[in-house]
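Student: Okay, here's the prediction I keep looking at, along with the sequence it came from:
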Amino acid sequence: MEDLYNILECKNCDNYEDLKKSYQKLVLKFHPDKQSQVDSDEEKLKSTDMFLRINRAWKILSDPNLRQKYDAAWTQRCLVQDWPIQDEVDVDEFLQEDMEEEEEKSRFFYTCRCGGSYILHDSDITLRLDVVCCDTCSLTIRVLYPDTDD
Ligand SMILES: [Zn+2]
C-alpha cells in the first residue's frame, strides 16, 4: 500500500485545497510533456512512473469517501504490519462474490487455512490494501497487485 500523502508531498491533516495545490504543482513537474530532451530514458521512465502515482493518489484523496476509507485502511495497516505475514497472494486469486444489498457491489475472498476468509472490498482494491487479516484467526497475508495500472 502506498503512502499517498507522501506521494503528494502533503500531510494527512491537509485539507482538500492544500492537496489540490500540491497535486497541480507535482503533475506539472512530472507531466510527460514537460520532460526535457536532455533527460535520459531512465529519468523519463521515473518521471512517467511518478506521474501515474501522483494521479492515482489524487484520484483517491480527492474523493472524500475514498479518502476516509484510505485513512482508516492506513491506520489499520499500521496496526497489523508488524504481524507475521503468512502468505503472499495475487489479487487475482481472490474469488469474487456479488453483494446484492450492500453499499459496495462486490467483495472478494480468499480462504484461510483455518477455514476463515481474507476479505477485500471493491474500495480496498482501489486503495491497493496489501495487508489483510483473516476474519477468524490471527493470520495475515500480503496481497500482491500488478504493477501496471488500468
Ligand atoms: Zn484464519
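Tutor: Nice, I can see it.
Student: Which parts of this structure are strands?
Tutor: For the chain, the strands defined by DSSP state E cover 85-90, 95-98, 106-111, 117-121, 131-133, 140-144.
Student: So for residue 61, which of the ones you listed sits nearest?
Tutor: Nearest to residue 61, of all the strands of the chain, is strand 117-121, at 18.3 Å by CB to CB. Placement of C-beta: from N, CA and C, glycine included.
Student: about what we covered before: and the strands of the chain, which one's lowest on average pLDDT?
Tutor: Lowest mean pLDDT of the strands of the chain: strand 95-98, a mean of 87.
Student: helices or strands next to that one in the packing?
Tutor: With contacts taken as 3 or more CB pairs under 8 Å, 6 or more residues apart in numbering; DSSP states H and E, strand 95-98 sits against strand 106-111.
Student: The ion contacts on the protein?
Tutor: Contact residues, the chain versus the ion (CB under 5 Å from the ion): 112, 114, 116, 134, 136-137, 139.
Student: Buried ones in the top helix by length along the chain, by neighbour count?
Tutor: When the chain is parsed with DSSP state H, its longest helix is helix 41-61. Neighbour counts over helix 41-61 (16 or more other CB atoms under 10 Å) mark 47, 51, 53-54, 56-58, 60-61 as buried.
Student: Would you check that residue 2 makes contact with residue 127?
Tutor: No: taking contacts as CB atoms under 8 Å, residue 2 lies outside contact range of residue 127: 9.1 Å.
Student: neighbour count winner among those two?
Tutor: residue 127 (23 against 15; other CB atoms under 10 Å).
Student: looking at it, that one is touching residue 60, isn't it?
Tutor: Yes: using CB under 8 Å, residue 127 is in contact with residue 60, at 6.3 Å.
Student: Give me the common contacts of the two.
Tutor: Common neighbours of residue 127 and residue 60 (criterion: CB atoms under 8 Å, 6 or more residues apart in numbering): 66, 70.
Student: quick one on the thing from earlier: restricting to C-alpha, output the longest helix of the chain in PDB.
Tutor: Taking Å, rounded to 0.1, in the frame of the first residue of the first chain, the C-alpha atoms of helix 41-61 are listed here in PDB:
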ATOM      1  CA  ASP A  41      15.400   7.300 -20.800                       C
ATOM      2  CA  GLU A  42      15.800   6.200 -17.200                       C
ATOM      3  CA  GLU A  43      14.900   9.600 -15.900                       C
ATOM      4  CA  LYS A  44      11.900   9.800 -18.300                       C
ATOM      5  CA  LEU A  45      10.700   6.400 -17.100                       C
ATOM      6  CA  LYS A  46      11.000   7.500 -13.500                       C
ATOM      7  CA  SER A  47       9.000  10.700 -14.200                       C
ATOM      8  CA  THR A  48       6.300   8.800 -16.000                       C
ATOM      9  CA  ASP A  49       6.000   6.400 -13.100                       C
ATOM     10  CA  MET A  50       5.800   9.300 -10.700                       C
ATOM     11  CA  PHE A  51       3.200  11.000 -12.800                       C
ATOM     12  CA  LEU A  52       1.000   7.800 -12.700                       C
ATOM     13  CA  ARG A  53       1.500   7.500  -8.900                       C
ATOM     14  CA  ILE A  54       0.600  11.200  -8.400                       C
ATOM     15  CA  ASN A  55      -2.600  10.800 -10.400                       C
ATOM     16  CA  ARG A  56      -3.600   7.600  -8.600                       C
ATOM     17  CA  ALA A  57      -3.000   9.300  -5.200                       C
ATOM     18  CA  TRP A  58      -5.100  12.300  -6.300                       C
ATOM     19  CA  LYS A  59      -7.900  10.100  -7.600                       C
ATOM     20  CA  ILE A  60      -8.300   8.600  -4.100                       C
ATOM     21  CA  LEU A  61      -7.500  11.600  -1.900                       C
END
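Student: Noted, bye for now.
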